[in-house]
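Chemist: need a 3D model of the sequence below.
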Amino acid sequence: MGGYDFAYISKPLIFTEALKKGAVKRLKDTLEFWVNVTRESALQPNSEAYQLIVRTRLMHSYARLKIKEKTEQWDYQNWGEPINSWDMIATYTGFSLVFMQGLKKLGIIISDDEEKGLFHLWKYIGYLLGIPVDYLPNDRHQAVEQFYWWTTIQDEGDDDSAQLTKALLNENLENTIYKHSFQRKMLKNLHQSMNWFLLDEEINKRLQIPKPAKAFSVFPKIVVKGNQIFQKIYLRNATQYQKLVEIGNVQQQKVLTDYIKHTPKNFHY
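Modeler: The predicted structure is shown next:
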């Protein structure tokens with residue numbers, strides 16, 4: 001959600017009209033991509049994860065060509081090429097640097113080796129996606145530097161950003177994983193509370209994310225406490241650590257299975 005506060009990087013979603021078709025499919029695609037590429041030994045040639053990466057690379061290429069072909073209003077001066085390399089690196093940073101920052105705020109302990117491994121993994125994924133490998137950061141220091149310089153050419157969230165935010169929040173109401181409307185509304189409130197916990201107040205206001213009721217504002221604190229307790233139990237030795245990894249894998253696969261099941265099969269961008 002925080003990425004929507006950078007106005008220019010979101011413009012391809014606006015010009016391809018993906019916004020009008022809702023966020024359920026986009027969220028499912030991103031989830032499917034992330035879950036598959038982060039499994040152990042996932043990136044063997046022609047594996048499912050490898051094919052998802054190639055498919056994403058082709059989709060980026062197609063969208064880039066079609067935006068340039070059909071859009072006269074594209075602002076090259078401010079926005080650069082559609083889905084350009086620097087914007088792709090910034091997105092990559094969202095899966096590595098920003099991802100870890102969010103986890104740490106939620107009470108997750110990340111070792112130096114885990115951090116190094118995550119940057120290595122996403123550098124390879126970025127390379128497969130077509131980002132020039134020499135520009136991809138190797139570590140936190142390089143990623144922070146890259147991300148900082150990229151933010152200097154971005155504008156803060158605008159009306160398009162607010163529309164994308166609204167579509168992502170309303171995904172909770174449109175998704176049929178939960179049968180009853182009160183369950184979907186509760187999930188939306190929980191996600192709003194997480195946004196207010198993870199993002200600065202000014203960003204939440206700019207993206208027009210409603211402030212959560214007090215009953216829901218405690219939810220992030222419960223998540224943090226739960227993470228701290230889990231880690232005390234499972235981070236005592238390598239065997240228990242592996243058990244925590246296995247638990248997380250099962251939970252993530254369950255969420256993905258639910259999204260695949262409840263995303264319309266006849267959906268086309």
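
Chemist: how many residues are close by Tyr127?
Modeler: Residues lying near Tyr127 (other CB atoms under 10 Å) number 14. Using the backbone N, CA and C atoms, a C-beta is placed for each residue, glycine as well.

Chemist: can you check Asp139 too?
Modeler: Asp139, neighbours per other CB under 10 Å, totals 15.

Chemist: where along the stretch 101-250 of the chain do the helices fall?
Modeler: Along the stretch 101-250 of the chain, counting by DSSP state H, counting those that start in this stretch, helices occupy 112-128, 140-151, 159-174, 181-198, 201-206, 214-217, 219-234, 238-262.

Chemist: any idea how far the closest residue to Ile14 other than its chain neighbours is from Trp122?
Modeler: Excluding the flanking residues, the one nearest Ile14 by CB to CB, 6 or more residues apart in numbering is Asp160, at 5.0 Å. Distance of Asp160 to Trp122, computed by CB to CB, to the nearest Å: 27 Å.

Chemist: look at those two and report which has more neighbours.
Modeler: Using other CB under 10 Å, the more surrounded residue of Asp160 and Trp122 is Trp122, with 23 against 17.

Chemist: ok, that one touching Gly94?
Modeler: No - look at Trp122 against Gly94 with CB atoms under 8 Å: they stay out of range, at 9.8 Å.

Chemist: and the host helix or strand of Trp86, what's its mean pLDDT?
Modeler: If you go by DSSP states H and E, Trp86 is part of helix 85-95. Mean per-residue pLDDT for helix 85-95: 94.

Chemist: which helices and strands does it pack with?
Modeler: Packed against helix 85-95 by the contact rule (3 or more CB pairs under 8 Å, 6 or more residues apart in numbering; DSSP states H and E) you find helix 112-128, helix 140-151.

Chemist: export the ones you listed to CSV and tack on distance to Leu198 and mean pLDDT?
Modeler: Converted to CSV, those look like this (distance: least, CB to CB, whole Å; pLDDT from 0 to 100):
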stretch, distance to Leu198, mean pLDDT
helix 112-128, 18, 96
helix 140-151, 16, 96
